[in-house]
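Visitor: Here is a sequence together with a model predicted from it:
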Amino acid sequence: MFDALTDKLTAVFQRLGSRGRLTEKDVDDALREVRIALLEADVNFRVARDLIARVRERALVGQVLQSLSPGQQVVKIVYEELTAVLGGSTQAQGLHPSPRAPSILLLVGLQGSGKTTTAAKLALHLRKQGHRSLLVAADLRRPAAIQQLVSLGKQLDIPVFSEPPEGNSAVVVARNGVEHGRSLGVTWVILDTGGRLHIDDELMKELEEVKAATSPAETLLVVDAMTGQDAVRAAGDFHGRIGLSGLVLSKLDGDARGGAALSIASVTGVPVKVIGAGERPDALDPFYPDRNASRILGMGDVQTLVELAQQEVDEKQAKELQRKMRRATYNLEDFLGQLRQLQRMGPISNLLGMVPGLSALSKRLPEEATDERHLKRIEAIILSMTPQERRNPDMLNGSRRRRIALGSGVATTEVNQLLNQFKQSQKLMKQISTPQGRKAISRMMR
């Protein structure tokens with residue numbers, strides 16, 4: 001979502017970094033471009049104005065202009081101020097349970113913001129932390145919402161409480177759902193309420209009654225990051241009427257300008273707790289202001305990448321792979337296992353964006369290099385081989401390759417290309433495993 005903004009900011013800072021000394025005019029020219037980039041990305045006008053003013057005030061201090069690398073000093077100041085705009089914390093604002101179980105989590109938001117999907121994602125997110133949750137279908141104005149939540153609950157093996165909408169109210173269903181959660185002994189009860197406009201007084205009053213009846217530990221507003229400044233205004237109105245404890249930014253994987261996502265915490269004073277960046281049930285992550293500021297400025301996010309790798313990579317398997325690479329016995333079965341681990345970590349383009357310096361490089365790669373469908377085709381080719389063929393690719397003659405191409409639905413040339421690339425990678429691994437190869441790599445890195 002922030003690719004266009006990242007590209008513009010990176011270009012500005014590269015020009016700054018290429019100069020040995022900076023004048024006040026250099027700083028003003030650069031910050032003017034930064035302000036335009038922020039406004040074009042749909043960042044709130046006041047937020048952009050105040051951010052630039054703070055950066056200018058700090059950047060024009062004599063110690064910055066006279067330092068050995070003034071351009072880097074300015075980038076550091078922008079990073080710190082952008083982190084402050086996003087919430088000002090180096091830690092994620094987690095969910096805070098109530099003293100007595102179950103803790104109630106009330107989800108509110110506009111129609112179409114993704115509340116029902118987010119409710120299921122939150123339950124899965126909490127389960128990874130060792131908590132049991134109950135989903136409560138309190139959106140009675142849209143019958144499909146009840147069916148959707150029940151379906152998601154079955155898919156993720158999470159219990160769902162629902163009652164017929166006829167003759168019922170959201171307040172009654174929410175209260176009954178909390179009692180049911182207490183009887184089940186769950187840790188969290190997640191209330192999925194109906195979408196409503198913040199200017200609809202009747203519906204907002206219903207939300208106030210639901211909150212009064214259930215006393216939630218967390219009241220989260222689900223905000224569609226693609227809706228622009230309307231989302232910022234709606235968040236302010238919801239906070240004024242209901243009293244929010246946090247925000248959930250959904251659809252951050254979209255291609256909208258995304259400035260509202262940068263503005264919303266600063267304008268409302270309510271922290272962003274989690275972000276949704278995909279349709280998958282596990283596509284929900286804690287929100288770290290400093291890490292997101294780093295990614296927006298094209299500086300990567302190594303810490304999140306390491307955490308993802310730790311979740312998906314088994315230490316024993318990693319050591320075994322390392323041993324195979326040293327002995328040049330790495331085969332296609334090993335490659336398939338690594339490919340699946342990579343897919344579980346998320347889209348390739350997102351992973352490249354977390355590596356410092358690779359976010360810009362990834363845009364110059366061929367489209368197929370970061371296309372998830374291309375990875376699926378590679379997986380299909382390998383799965384069309386027998387276990388013996390995967391362990392010993394050298395036995396793949398012409399007739400076997402034609403059979404594999406037919407089984408995976410690709411051309412024989414694609415099978416040949418994959419095998420040729422795999423052989424080249426094997427040779428490279430064998431070279432790196434030697435002392436001379438490690439010395440060459442060390443010299444190259446320096």
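Guide: Arrived safely, thanks for sending. Numbering: from 1, shown residues only.

Visitor: and the closest residue to residue 193 other than its chain neighbours, what does it touch?
Guide: Spatial nearest neighbour of residue 193, excluding adjacent residues (CB to CB, 6 or more residues apart in numbering): residue 138 at 5.1 Å. C-beta here means a position set from N, CA and C on the backbone, and glycine is covered the same way. Counting by CB atoms under 8 Å, 6 or more residues apart in numbering, residue 138 touches 170, 173-174, 177, 191-194, 210.

Visitor: Could you let me know which of these ends up closest to residue 159?
Guide: Proximity to residue 159 was ranked across the contacts of residue 138 by CB to CB; first place goes to residue 177, at 10.4 Å.

Visitor: I'd say the closest one and residue 189 touch.
Guide: Yes. With contact taken as CB atoms under 8 Å, residue 177 and residue 189 are classed as touching, separated by 6.2 Å.

Visitor: Which neighbours do the two have in common?
Guide: Counting by CB under 8 Å, 6+ apart, the contacts common to residue 177 and residue 189 are 134, 136.

Visitor: follow-up on the earlier one: next step: the contacts of residue 138 restricted to helices.
Guide: Judged by DSSP state H, the contacts of residue 138 include 170, 173-174, 177, 210 as members of helices.

Visitor: what about residue 39, how many residues close to it?
Guide: A count of nearby residues for residue 39, using other CB atoms under 10 Å, gives 16.

Visitor: Which secondary structure state does it sit in?
Guide: Reducing the assignment to helix, strand or coil with DSSP: H, G, I helix; E, B strand; the rest coil, the entry for residue 39 is helix.

Visitor: So it is in contact with residue 47, correct?
Guide: No. With contacts counted by CB under 8 Å, residue 39 stays clear of residue 47, the gap being 10.0 Å.

Visitor: Run through the residues that contact residue 104.
Guide: Residues touching residue 104, when contacts are defined by CB under 8 Å, 6+ apart, comprise 98, 178, 188-189, 191, 214-218.

Visitor: quick one: it and residue 58, what's the gap?
Guide: When distance is defined by CB to CB, to the nearest Å, residue 104 is 43 Å away from residue 58.

Visitor: Point me to the helix or strand that includes residue 252.
Guide: With secondary structure defined by DSSP states H and E, residue 252 is part of neither a helix nor a strand.

Visitor: For it, which non-adjacent residue is closest in space?
Guide: In this structure, residue 252 finds its nearest non-sequential neighbour in residue 277, 4.4 Å apart by CB to CB, 6+ apart.

Visitor: next one: phi and psi at the one you found?
Guide: Backbone geometry at residue 277, expressed as degrees, to the nearest 10, gives phi -130, psi 50.

Visitor: What is the neighbour count of it?
Guide: For residue 277, using other CB under 10 Å, the count is 19.

Visitor: returning to that earlier point: show me the two of the contacts of residue 138 that sit farthest apart.
Guide: 177 and 194 (14.2 Å).

Visitor: between the two, which one's more packed in?
Guide: Neighbours per residue, other CB under 10 Å: of residue 177 and residue 194, the larger number sits with residue 177, 25 against 20.

Visitor: Report the central residue of this protein.
Guide: The residue lying closest to the centre of the chain (CA atoms, centre = their mean) is residue 277, at 4.5 Å.

Visitor: Test my guess that that residue contacts residue 287.
Guide: No. Applying CB under 8 Å, one finds residue 277 not in contact with residue 287, separated by 10.6 Å.

Visitor: separation between the closest residue to residue 177 other than its chain neighbours and residue 288?
Guide: Distance criterion CB to CB, 6+ apart; nearest residue to residue 177, sequence neighbours excluded, is residue 136 at 3.2 Å. As defined by CB to CB, residue 136 lies at a distance of 29 Å from residue 288.

Visitor: When those two are compared, which one has more neighbours?
Guide: More neighbours sit around residue 136 than around the other of residue 136 and residue 288, counting by other CB under 10 Å; the figures are 32 against 23.

Visitor: Now do the SS call for the more buried one.
Guide: Following three-state DSSP, residue 136 is assigned to strand.

Visitor: packing partners for whatever helix or strand residue 14 lives in?
Guide: Counting by DSSP H and E, the secondary-structure element that holds residue 14 is helix 3-17. For helix 3-17, the elements it packs on are helix 24-40, helix 70-86, helix 289-296, helix 358-362, judged by 3 or more CB pairs under 8 Å, 6 or more residues apart in numbering; DSSP states H and E.

Visitor: now the angle between helix 70-86 and that helix, please.
Guide: Angle, helix 3-17 to helix 70-86, by axes from the mean of the first three to the mean of the last three CA atoms, to 10 degrees: 150 degrees.

Visitor: now what about helix 3-17, what contacts it?
Guide: Outside of helix 3-17, the residues within contact range by CB under 8 Å, 6+ apart are 22, 26, 30, 33-34, 37-38, 40-41, 69-72, 74-75, 78, 257-259, 295-298, 359-360, 363.

Visitor: Of those residues, select the buried ones using a PyMOL command.
Guide: Selecting in PyMOL just the buried members of the contacts of helix 3-17, where the criterion is 16 or more other CB atoms under 10 Å, is done with this command:
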select buried, resi 22+26+30+33+34+37+38+41+70+71+74+75+78+257+258+259+295+296+297+298+359+360
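
Visitor: what about the strands in the chain?
Guide: Defined through DSSP state E, the strands belonging to the chain, from first to last, are 103-109, 133-138, 160-161, 188-193, 218-224, 246-250, 272-276, 284-286.

Visitor: any chance of those in CSV, with distance to residue 417 too?
Guide: Shown next, in CSV, are the strands of the chain (distance: least, CB to CB, whole Å):
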stretch, distance to residue 417
strand 103-109, 47
strand 133-138, 46
strand 160-161, 47
strand 188-193, 47
strand 218-224, 41
strand 246-250, 38
strand 272-276, 36
strand 284-286, 35
